[in-house]
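S.K.: Below are the sequence and a predicted model; questions follow.
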Amino acid sequence: MPQTLKRRAPGRFRPSGRVIARLTTTPLIVGLGVFAIYPFIYLLGLAFTESNLIEPFQKWVGTENFQDALGDPRFVGSLGRSVLLAFLSTATAMVLGVAVALLLDKAVKARDLIRTLILLPLLTPPVTAAIMWQLLLMPQGGWLNGFLMDLSLISEPVSFLGTPTTAFLSVLLVDVWQWSPFVALMSFAALQTLPSEVYEAAKLEVRSSWTVFRWITLPMLFPALIGIAVLKLVIGFKLFDLVFVLTAGGPGQATTISSFYIYRIGIQQFDIGLAAAMTLLFAIVVGLATVPFTVAHDKAEDRLS
Amino acid sequence: MNRRLYVPLMTLVLLFFTFPIIFMAMVSLKGQADISTGDIFPNVLYWRNYPDAFGSIALDRYLLNSAIVASFGALLTLVIAVPATHAIVRYRIGRNWLPAFILGTYVAPPIVALFPLFFLLRNLGLVNTHLGMILVYGVMNLPVAFWLLSSFVRRLPVELEEAARVDGVGYFRTLRSIVIPLLMPGIASTGIICLILAYNEFLFASFLARSQDTQTVPIGLSLFQGDRQLRFGQMAVASLAAMVPVYVLAVFFQRWLVRGLTTGIGK
């Protein structure tokens, strides 16, 4: 394009690439500013005032909302449950997901079909996943109760979602059902990047496939696995809809995680000031729980490169 | 691993992941009496659940609302994220802090943004509108889109863009006629993933969609839970209707979805 060249060179009259490049990032920065920075500033304002959904910032109340939040044993309990659930579901989904990835690695036939089937729980809307599992877990006509009774493991139907311990485990189970496919697909991809020569050599030397996995595959896979686990942990703290539909936080407070409790304080008690203070405290807990692992992940990546 | 173990183990895994879906499909064909037996297969096929489900809640309307907000939301995400990601990766805009900031925003749980965004959208008159939800979904998925797209951009050969620059081709023309066509697989994967994330979203929708005109499928489904007498058959039908669009995407775009999801691995 000689003509274009002549007309536009030497480029003094148009802004350089860097300037335009910087401009094109503006919508992204503004968007995320509105979505992630402005909420924190606004929450601070709400948390130090008396506020409801109709009228925010009614009057300054100092740290009263924070004191109320920390003095509410239900809220403090919900923080513990959020942390417990996020870590338990990350650990379980990692173990199950990596196992499925190793299994997927062995698949010769119908790989695409198998991958599509494994993908389905991940794509299922969490609300729908909750309904599915409700159908499996309910005492009357739920499949699981019938199955356990046929095996004579229980003599009468158990209300899995109506008993505190089993309700909590049910939320955990459904979350793992949804997210272990994610771990599986990610770990499978990581597995494909490992140099195959190393294995082949190892397999000739070592008979036990567990030994190969424990001393060769796992160490090589480890940095990628930490990355996947951090991501799953972050996602675990975002949980809301599953609890909303499956157990509505019950029975009692057994499955009330912080995001659900805060939502209820805001919607049912209209106390947005208190909800804001709780949200900030929850955000601090999420930060404290995830940041050490992010740092560990960065270190692991640095060591590799 | 022992080869003989592979088939039973894989069967078990696939059953675990698909059985809840199959069971719900079966429940959708059962009458109330049949449901309480707990059998897997219906004893009598009961098709009435299908018209009844569409009759008792505005399922078609919810599906339409979902389609609108999810697709325009995903489109908005791409329009913002594609040029920005390219600029950040190629020109190192924002050095290290910008990528860290973008990914850092993803760590905050969505409840953080819920009430502040509600007040913001109310002041703009956008609560209970499609536009309000499109804006929220468009911005919500930006970190995910950036994360997915950046590894695709990193893999593009830089020479073509440099050649274009030497030839005096303008910034946006290079973007439009060189970068975007080469990036198409990545854009498609990212678009589908953002579409599904927006389609499945519940928290913001439950707060911002106040009436049938804007309520999405997940909200419609959650309304069943308020009933005294739970109509499981209809609930199953409605849930299936909610899942079908996503599953169709999964079957057709399985490769792209997987490639998109796993693109950050082994860069």
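M.R.: Looks like it came in fine.
S.K.: List the contacts of B:Met235.
M.R.: Counting by CB atoms under 8 Å, 6 or more residues apart in numbering or on different chains, B:Met235 touches A:Ile131, A:Leu135, B:Ala53, B:Leu221, B:Phe224. In this view, the C-beta of every residue, glycine as well, is placed from N, C-alpha and C.
S.K.: same deal with B:Phe207?
M.R.: With contact set as CB under 8 Å, 6+ apart, B:Phe207 has these partners: A:Ile267, B:Leu114, B:Phe118.
S.K.: Out of those residues, which is nearest to B:Arg4?
M.R.: Nearest to B:Arg4, judged by CB to CB, of these is B:Leu114 at 51.8 Å.
S.K.: how about the closest one, secondary structure?
M.R.: Secondary structure assignment for B:Leu114 (DSSP: H, G, I helix; E, B strand; the rest coil): helix.
S.K.: I'd say it and B:Leu203 touch.
M.R.: Yes. The pair B:Leu114 / B:Leu203 is scored as a contact, 6.4 Å apart, by CB atoms under 8 Å.
S.K.: higher neighbour count, those two?
M.R.: The neighbour comparison of B:Leu114 against B:Leu203 (other CB atoms under 10 Å in any protein chain shown) goes to B:Leu114, with 24 against 20.
S.K.: For the more buried one, which non-adjacent residue is closest in space?
M.R.: Distances taken as CB to CB, 6 or more residues apart in numbering or on different chains put B:Phe207 closest to B:Leu114, at 6.0 Å, once the chain neighbours are dropped.
S.K.: quick one: the strands in chain A?
M.R.: A:49-50, A:59-60 (DSSP state E).
S.K.: for the stretch 201-305 of chain A, which spans come out with low pLDDT?
M.R.: Applying pLDDT under 70 to the stretch 201-305 of chain A flags the ranges A:301-305.
S.K.: how about the nearest residue to the closest residue to chain B within it, chain neighbours excluded?
M.R.: Per CB to the nearest CB, A:Asp241 is where the stretch 201-305 of chain A lies closest to chain B, at 3.6 Å. Closest residue to A:Asp241 apart from its sequence neighbours, by CB to CB, 6+ apart: B:Phe202 at 3.6 Å.
S.K.: Who are the contact partners of that neighbour?
M.R.: Residues in contact with B:Phe202 (CB under 8 Å, 6+ apart) are A:Pro125, A:Pro126, A:Val127, A:Phe240, A:Asp241, A:Phe244, B:Pro218, B:Ile219, B:Ser222.
S.K.: What's the local residue count around B:Asn200?
M.R.: Counted by other CB under 10 Å, the residues lying close to B:Asn200 total 24.
S.K.: my guess is it contacts B:Thr216, does it?
M.R.: No. Here B:Asn200 lies out of contact with B:Thr216, judged by CB under 8 Å, at a distance of 9.3 Å.
S.K.: follow-up on the earlier one: go through the contacts of B:Phe202 and say which is closest to A:Gln178.
M.R.: For the contacts of B:Phe202, the minimum distance to A:Gln178 (CB to CB) is 6.7 Å, reached by A:Pro126.
S.K.: ok, that closest one - how many residues close by?
M.R.: A:Pro126: 22 neighbours (other CB under 10 Å).
S.K.: State the pLDDT value of it.
M.R.: On the pLDDT scale, A:Pro126 is placed at 94.
S.K.: Enumerate the positions of the strand or helix carrying B:Glu159 that are buried.
M.R.: Assigned by DSSP states H and E, B:Glu159 falls within helix B:158-166. Across helix B:158-166, burial judged by 16 or more other CB atoms under 10 Å in any protein chain shown covers B:Glu161, B:Ala164.
S.K.: Run through the neighbouring helices and strands of it.
M.R.: If you count contacts as 3 or more CB pairs under 8 Å, 6 or more residues apart in numbering or on different chains; DSSP states H and E, helix B:158-166 packs onto helix B:171-174.
S.K.: contacting residues for the residue nearest to the spatial centre of chain B?
M.R.: For chain B, the residue nearest the mean C-alpha position is B:Ile196 (1.5 Å; CA atoms, centre = their mean). Contact analysis of B:Ile196 by CB under 8 Å, 6+ apart lists A:Leu123, B:Ala70, B:Val246, B:Leu249.
S.K.: Count the residues that sit near residue 102.
M.R.: No chain in the question, so chain A it is. Neighbour tally, A:Leu102, other CB under 10 Å: 19.
S.K.: wrong one, I was asking about chain B
M.R.: B:Ile102 sits with 26 neighbouring residues when counted by other CB under 10 Å.
S.K.: is it true that it touches B:Phe146?
M.R.: Yes. In terms of CB under 8 Å, B:Ile102 counts as a neighbour of B:Phe146; the distance is 5.0 Å.
S.K.: so what sits against both of the two?
M.R.: Joint contacts of B:Ile102 and B:Phe146 (CB under 8 Å, 6+ apart) are A:Leu28.
S.K.: Isn't the residue of the stretch 201-305 of chain A closest to chain B up against A:Thr128?
M.R.: No. A:Asp241 is not in contact with A:Thr128 according to CB under 8 Å; the separation is 9.7 Å.
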